[in-house]
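I'll drop the sequence and a predicted model, then ask my questions.
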Amino acid sequence: MINIRNIHKSYTNGQNNLHVLKGINLDIKEGEMISIMGPSGSGKSTLLNIFGILDNYDEGEYLLDGKKIQHLNERKAALLRNRMLGFVFQSFNLVSFKNAVENVALPLYYQKVPRRKRNKIAIEYLDRLGLKDWAHHLPSELSGGQKQRVAIARALITNPKVILADEPTGALDSVTSQEMMDLLTEINKTGITMIIVTHELDIARRTQKTIRIIDGMIQEIVVNEVGSQRSEVRSQIRSNVIASEAKQTKYEPDRNYESKKYEKVA
Ligand code: ADP
Ligand code: MG
């Protein structure tokens, strides 16, 4: 679904040139659910924005559903985004003066679907996400989890092939975050490719693969065990074992240890 080869991207601010992505290669298959992890500033959002045709790249190749994405004008980019992609952001990005239905219906407005029809479809999506009773409320009247569900309904309404989520649980408490992951997993099971940027290990572990990015390069790709309670229990046991091993061998509890643990758990 997404194939990128040797992607480079720099930002220029005055005289400073910041080389953010330094040769990224990645293939994401249709229907996969993957996560992207890495320290702040490592280039995760930049990469996601390139996937989302929200930003250009300087070098390399990007194929989205087999179609070469390069030098598109804004109109063509917007058309492809509207047809292929759904976006979910940490800060929800809802229009504050529009109610839930209007927010969800917005992508259909851009497709010139008449108002009555687009609102009817929007209510169906809100209903699917358990928000029918909140359809006529403004974002400010909704909880964080509800706002994110409105944003997900808006992402789904155009039947996207890919959902790109940039820290979708970043502003949510841990229980709501797990509920959000239940929801994203369910949506993924309908065949929609799901790409989630996160810095939370327990979110990343619920995806099939985790891409670890450091300083604009892929450091490793970890295959996670998902979808089985037994693997969850095994992971738990293994993390305990690793934790006690760590004590014995006097690992420092630093990032190295963290990624080692992660590798073994995965
Ligand atoms: P992450 O999402 O991993 O935290 P980003 O992809 O947002 O990282 O940013 C990577 C680097 O690029 C950071 O140093 C950031 O300051 C810089 N950056 C991001 N967007 C821009 C921009 N539009 N102009 C200039 N620098 C940017
Ligand atoms: Mg970011």
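Sure, I can see it. Ligands and ions are numbered 1, 2, ... in the order given.

neighbours around residue 170, how many?
By other CB atoms under 10 Å, the residues close to residue 170 number 17. Glycine gets a C-beta too; all of them are placed from N, C-alpha and C.

let me see the contact set for it.
90, 198, 199 (CB atoms under 8 Å, 6 or more residues apart in numbering).

can you do 7 Å?
Under the criterion of CB atoms under 7 Å, 6 or more residues apart in numbering, the neighbours of residue 170 are residue 90.

quick one: the helices in the chain?
Assignment of helices within the chain using DSSP state H yields the ranges 44-51, 74-84, 100-110, 115-128, 144-156, 174-189, 201-204, 229-248, 255-265.

and of those, who's closest to ligand 1?
When these are compared by CB to the nearest ligand atom, helix 44-51 sits nearest ligand 1, at 3.2 Å.

and the closest one, what does it pack onto?
When contacts are defined as 3 or more CB pairs under 7 Å, 6 or more residues apart in numbering; DSSP states H and E, helix 44-51 packs onto strand 2-13, strand 16-28, strand 162-166, strand 193-197.

now those strands as CSV including distance to ligand 1?
Listed next are the helices and strands packed on helix 44-51 as CSV, based on distance: least, CB to the nearest ligand atom, whole Å:
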stretch, distance to ligand 1
strand 2-13, 3
strand 16-28, 4
strand 162-166, 7
strand 193-197, 7
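
buried deepest among the helices of the chain, which one?
helix 144-156 (a mean of 23; mean count of other CB atoms under 10 Å).

mean confidence score for that helix?
Averaged over helix 144-156, pLDDT sits at 94.

related to what we said a few turns ago, can you lay out the helices of the chain as TSV showing distance to residue 22?
TSV is the format used below for the helices of the chain (distance: least, CB to CB, whole Å):
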stretch	distance to residue 22
helix 44-51	11
helix 74-84	24
helix 100-110	34
helix 115-128	39
helix 144-156	30
helix 174-189	29
helix 201-204	22
helix 229-248	31
helix 255-265	20
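
could the ones you listed go into TSV alongside distance to ligand 1?
As requested, the helices of the chain are exported to TSV (distance: least, CB to the nearest ligand atom, whole Å):
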stretch	distance to ligand 1
helix 44-51	3
helix 74-84	16
helix 100-110	24
helix 115-128	28
helix 144-156	18
helix 174-189	18
helix 201-204	14
helix 229-248	26
helix 255-265	15
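
right, and the helices and strands packed on helix 44-51 - which one's nearest residue 84?
Residue 84 lies closest, by CB to CB, to one member of the helices and strands packed on helix 44-51: strand 162-166, at 6.3 Å.

pull the residues that contact the closest one.
For strand 162-166, the external contacting residues (CB under 7 Å, 6+ apart) are 1, 45, 48, 51-52, 84-90, 155, 184, 187, 192-197.

got the angle between that strand and helix 174-189?
If you take axes from the mean of the first three to the mean of the last three CA atoms, to 10 degrees, strand 162-166 sits at 160 degrees to helix 174-189.

tell me the buried residues in strand 162-166?
Neighbour counts over strand 162-166 (16 or more other CB atoms under 10 Å) mark 162, 163, 164, 165, 166 as buried.

and if you look at stretch 15-23?
Residues of stretch 15-23 classed as buried by neighbour count (16+ other CB under 10 Å): 20, 21.

could you count how many residues lie near the closest residue to residue 61 other than its chain neighbours?
Closest residue to residue 61 apart from its sequence neighbours, by CB to CB, 6 or more residues apart in numbering: residue 5 at 4.5 Å. Here the count is done by other CB under 10 Å, and residue 5 has 14 residues near it.

returning to what we had before: quick one, which of the helices of the chain gets closest to residue 12.
Of all the helices of the chain, helix 44-51 sits nearest to residue 12, with 13.6 Å by CB to CB.
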